[in-house]
Structure formats: structure tokens, C-alpha cells
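Engineer: Here's a sequence, model it:
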Amino acid sequence: MTETVDVVLIGGGIMSATLGTLLKELQPDWSIVVLERLGEVAEESSNAWNNAGTGHAALCELNYMPQAADGSVDPAKAVQINEQFQQSRQFWSTLVERGVLGDPKTFINSAPHMTFVRGEKDVAYLRKRYEALKAQPLFEGIEYSEDSRVINGWAPLLMQQRRKGEPFAATRVPAGTDVDFGALTHQLFDHLQSQGAHVVTNTEVRKLTRNDDGTWQVRYRRTVGTTPGRLNARFVFVGAGGWALKLLQSSGIPEIRGYGVFPIGGQFLKTTAPEIVAQHKAKVYSQASVGAPPMSVPHLDTRVVDGEASLLFGPFATFSPKFLKRGRLTDIVAQVRAHNLGPMLKVAFTNVDLIKYLVGELSKTHRKKVDSLRVFMPTAKDEDWSLIQAGQRAQVMKGGALQFGTEVVASADGSIAGLLGASPGASTAVSIMLGLLGRCFPDRMGEWEPLLAGLLPEYGRTLNDRPAAARASLAATAETLAITA
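Structural biologist: Numbers count the residues shown, from 1 in each chain. Coordinates of the predicted model:
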């Protein structure tokens, strides 16, 4: 007889870890099984070296606040992203206070968030952006300068040997963070297992089938020994990164019709040279190249992983037909269905600049990549930097357009849901999973909301329209998480 459990979480990343933690807090009696195809959790996009670790709060990322055709800038999207990150901070703070998470420095550290631009056009844009953001309570404390001496004080590597007369400007938010999502994911799963959840690694889910009683049959195969198996679940979450599409397609739910994904990989230049790392304590973002996807915005970042500081620069886009870093070469063709072929072909024809950009990135030598770094850091030397392969992202294709956010796809009855897309992803995992709970368990939300309010002090309320509350929440979570400006 096939075992039936309340919840199956497919994929051992930050999304499954967050949802599982929420559900265990809300329904401690529910049985939860996590199925991960690799030998450890947090080995794909949640791994510390597969992402830049930026706590995405729109403090420095320009793609959340583009300039309109009339020259105006609208802070609404940036404010929304910041609100979502504050929910993550509140949740993590509560878990630290309850002992679910360990020392905050094991997964989050202070790293001022900066934006640095060159050229009169971009300087004018950044000035407008600053003027629009400085009045927003969640962006309180943002600084702006066109003075080389001030910017040198913020990030010396940006200004050494900078050409005289070159227009440049920067913004800085001292309260930015660097997050090790791999460490965070491990701690959340460790707690889930201590509460009775079963985390099963080396187990690849192959097919999802709806049973006559409305539950889902989850068919899997052990990757060590290739033993097949199955179990039934009352609710299934597919948090399998790029493989979420293929599993949702196998379920047959009509809501997945028309979707496709486009895989984009990334590489970073990395240095651990102490004399270089000591001169740069910030995450510095700039404008994307023409035709580059928003996730390829160049940035020079402080990283703290396992207590060791390093610097990353990139990303440099790569292409692979795989939907995961350790996926299959057939992934890109295996997704094709009659209902999504047309929209995917339209994406190919309407994103010529993206194709040119990818070809250009793939042809770059190590020296050319360091040349890109030298735009940020004029003193960079080829021999100080090595190349590391980052994670694989699967960008959503829908309706003939390439999308650069995250999107929850759920069945009409809420019994199965999955997450497609990438950035801002991990940083807003709590917000995304709260939205999923509302869609998939609407009849339970009335019972759960008081419990959610205990996990997130500002649950159900926004902060940016309440300056005093925003200031108090930022201060409280900063104190608990040991974030120092």
C-alpha cells in the first residue's frame, strides 16, 4: 500500500525550506516529506557560490526602477521588493529569537549596497532615482554623491586610477546585507527534521499523477541504486528550480499550459586576496549592457561564506540547454509542447539583442572578463582573479515574452503549486510562500493568520506608508540579526 502524507516538497532549496518551516509552524501535526535529487540540500540555486548573496531589497538594483520614455522614474516596484525583503528579515529574526536559526552571522552579514554609474546620461538617471527614493521610509539613509573623495571613502577600489574628468555618481545604503542562502537553507531543514519532517536526498521525482481521491501520486527514483518508489500527498509543492516546469507539465494541470523556460547560466570572477578584499566592503551594482537580461547586471560584491570574506564580480552569462547546473542536456527540448512552441519561438525572434549578448559573453577570454571588471576597478590584475561557475537560471517564457521575475503556478483546487523564474527569488522567499499559502489554503488562512502574525510582527501590513513603523521594524530586525550600518 502506498503511503499518504500531508505535504511533499520537491527540491531541497530555500523555497521548500521556507514553505516547510511555515507549514510546520502553522500545522505541527502535518506530515512533511522533502525529496531532493542531489546528495545534499541547497546544492543548486540556493548554494552560496551559485548566487551573489545579495539581500535583494532594491537598494542598489537599477532594473527594479527603470527610467520611462518620458524620463521619469517610478519607485513603486523598488518599494514593493523592499517590502518583501522586510518580511524575510522579520521571519528570520523571529526564528533566531526562537532558536530555530543559529548565530545570524552564519547566514547574514552587513554589506552596504551601492550603485555606481558613469557617463552624463546615467549620472542624470541615478540622480533622479535618488531623488525619488530618498523620501521613501524604507530607503531612509540612502546617500548620493558625485564627489570622488566621498565615493573613495565608500569603496576605494572603484576610484583608484579613475580617469580625470569622467562623470560618475554613486548611491549608498549602509544597512544592506550579504546573505548565505545555502547556510540558511541547511539550518531550516535541520530544524524541520528535528520536528519530524523527512528530508530524503538522492531521490529524483519523475512524474506527478492525480489520484481519484484528489491526492497526488509522486513517483520517484533513487539516484543511488536507481530504486523506484511512490507516495501519495494531499499537497505538493514543486520547488525544483528549472525542473519545476517539467514536473508541473507531467502533472497535467491546465494552468501550466503556454509556459516555457529559457536557461541562462553565469560565471563570476572571484578573489580571496586579503589586500584586495580588505579595501571593498559593499555590493556595488551598475547598469546592464545593451541586450543583457536584468539578472546580468554587473556588480562587485563582498561575500561572506563560512566566515571567510571574498569578492565576486560578474555575472558573465553562459549558455547550456540544462535547466539546472546538474540537469540534463535534453532539458530545453523536453519542455516543448504544442501549446508552448509558438510563444517560445516568438521569444527567440523578439530577443535578438539577448542572443547577441550571449554570443558575446561566450566569446570572452579571461582577460576580456577582467577588462569588464576594470570598468569597475581600474587596478584589477588578471592573476588576482579566478573564474567560478555559478548557478543555472531558467527564465520564464509566457505569452511570447521573456519574463525576469518569479511566478507561482497553482492548480485551481490548490492541491499542487510550483515556482518558476529567478530574481529576486531567494531574498523574497517568505513573501512568495505567504502568497502561495493564501492561494492554496484559503479556507485555513483565518485560522493561520494569528500564528503568522506571531512569526512576522508586521504581517498583513505594509511599512513604507507608515514611517514610524518602518523605522522601528528596520531597527528591531537589524538588532536581532546583528546587522550594523
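Engineer: tell me the SS of Q279?
Structural biologist: coil (DSSP: H, G, I helix; E, B strand; the rest coil).
Engineer: residue contacts, it?
Structural biologist: By C-beta atoms under 8 Å, 6 or more residues apart in numbering, the contact set of Q279 is P156, L157. All C-beta atoms are positioned from the backbone trio N, CA, C, and that covers glycine.
Engineer: From T177, how far out is it?
Structural biologist: Computed as C-beta to C-beta, to the nearest Å, the Q279 to T177 distance reads 20 Å.
Engineer: Then F404?
Structural biologist: Distance from F404 to T177, by C-beta to C-beta: 22 Å.
Engineer: Neighbour count for those two, which is higher?
Structural biologist: The neighbour count for F404 versus T177, taken as other C-beta atoms under 10 Å, is higher for T177 (24 against 15).
Engineer: Around the closest residue to that one other than its chain neighbours, how many other residues sit close by?
Structural biologist: Nearest non-adjacent residue to T177, counting by C-beta to C-beta, 6 or more residues apart in numbering: G55, 3.8 Å away. Residues within reach of G55, counting by other C-beta under 10 Å, total 24.
Engineer: For the remainder of this discussion, apply numbering that starts at 811.
Structural biologist: New numbering, starting at 811: the last item is G865.
Engineer: dump the residue contacts of G865.
Structural biologist: F895, S898, I918, G986, T987, D988, V989, S1237.
Engineer: Count the residues that sit near the nearest residue to V1010 once chain neighbours are set aside.
Structural biologist: Nearest residue to V1010 in three dimensions, chain neighbours excluded: L845, at 5.5 Å (C-beta to C-beta, 6+ apart). L845: 24 surrounding residues under other C-beta under 10 Å.
Engineer: my read: L845 touches Y1030, true?
Structural biologist: Yes. L845 lies in contact with Y1030 (C-beta atoms under 8 Å); the separation is 5.9 Å.
Engineer: where does the stretch 1061-1210 of the chain dip in pLDDT?
Structural biologist: 1099-1106 (pLDDT under 70).
Engineer: Would you map the strands across it?
Structural biologist: 1069-1081, 1093-1095, 1109-1115, 1118-1128, 1196-1208 (DSSP state E, counting those that start in this stretch).
Engineer: still on that earlier bit, state the distance from the residue nearest to T987 to T1140.
Structural biologist: In terms of C-beta to C-beta, G865 sits 35 Å off from T1140.
Engineer: Please apply the same query to L1122.
Structural biologist: Counting by C-beta to C-beta - L1122 and T1140 are separated by 31 Å.
Engineer: Neighbour count: these two, which is higher?
Structural biologist: Between L1122 and T1140, counting by other C-beta under 10 Å, L1122 is the more crowded of the two (22 against 11).
Engineer: List the contacts of that one.
Structural biologist: So L1122 contacts A862, F1078, L1079, K1080, L1110, D1111, R1113, I1198 (C-beta under 8 Å, 6+ apart).
Engineer: Go through the residues you listed and say which is closest to A1227.
Structural biologist: A862 (26.8 Å; C-beta to C-beta).
Engineer: so L1247 makes contact with E1257?
Structural biologist: No. Using C-beta under 8 Å as the test, L1247 is too far from E1257 to be in contact (11.6 Å).
Engineer: what's the distance between the residue nearest to E1118 when sequence neighbours are not counted and E1257?
Structural biologist: Nearest non-adjacent residue to E1118, counting by C-beta to C-beta, 6+ apart: T1082, 7.1 Å away. Going from T1082 to E1257 by C-beta to C-beta gives 50 Å.
Engineer: same question, A965
Structural biologist: Counting by C-beta to C-beta, the gap from A965 to E1257 is 49 Å.
Engineer: Looking at the two, which one has more neighbours?
Structural biologist: A965 (23 against 11).
Engineer: Next up, phi/psi of the more buried one, please.
Structural biologist: phi -150, psi 90 (degrees, to the nearest 10).
Engineer: Longest helix in this protein, by number of residues?
Structural biologist: helix 886-907 (DSSP state H).
Engineer: Remind me what that one packs against, helices and strands.
Structural biologist: If you count contacts as 3 or more C-beta pairs under 8 Å, 6 or more residues apart in numbering; DSSP states H and E, helix 886-907 packs onto helix 991-1004, helix 1239-1250, helix 1255-1265, helix 1277-1290.
Engineer: average pLDDT across it?
Structural biologist: Helix 886-907 shows an average pLDDT of 97 in the prediction.
Engineer: what do you get for stretch 846-863?
Structural biologist: Stretch 846-863 comes out at a mean pLDDT of 90.
Engineer: start to end distance for it?
Structural biologist: 22 Å (C-alpha to C-alpha, to the nearest Å).
Engineer: So which bits of that stretch are buried?
Structural biologist: Residues of stretch 846-863 classed as buried by neighbour count (16 or more other C-beta atoms under 10 Å): 846-848, 851-863.
Engineer: quick one: which of those residues sit in strands?
Structural biologist: Using DSSP state E, no member of these falls in strands.
Engineer: Distance check, the residue most central in space within the chain against D1194.
Structural biologist: Of all residues in the chain, the one closest to the mean position by C-alpha atoms, centre = their mean is G1235, 3.0 Å from it. G1235 is 30 Å from D1194, where distance means C-beta to C-beta.
Engineer: same thing with L1246?
Structural biologist: For L1246 relative to D1194 (C-beta to C-beta), the value is 43 Å.
Engineer: Who has more neighbours out of the two?
Structural biologist: Under the criterion of other C-beta under 10 Å, the comparison of L1246 against D1194 puts L1246 first, with 22 against 18.
Engineer: Could you tell me which residues make contact with that one?
Structural biologist: Going by C-beta under 8 Å, 6+ apart, the list of residues near L1246 reads L829, F1047, V1218, A1220, A1227, L1229.
Engineer: so where does V1034 fall, helix or strand?
Structural biologist: V1034 belongs to no helix or strand when assigned by DSSP states H and E.
Engineer: likewise the one 5 residues further on?
Structural biologist: Counting by DSSP H and E, the element that carries G1039 is strand 1038-1048.
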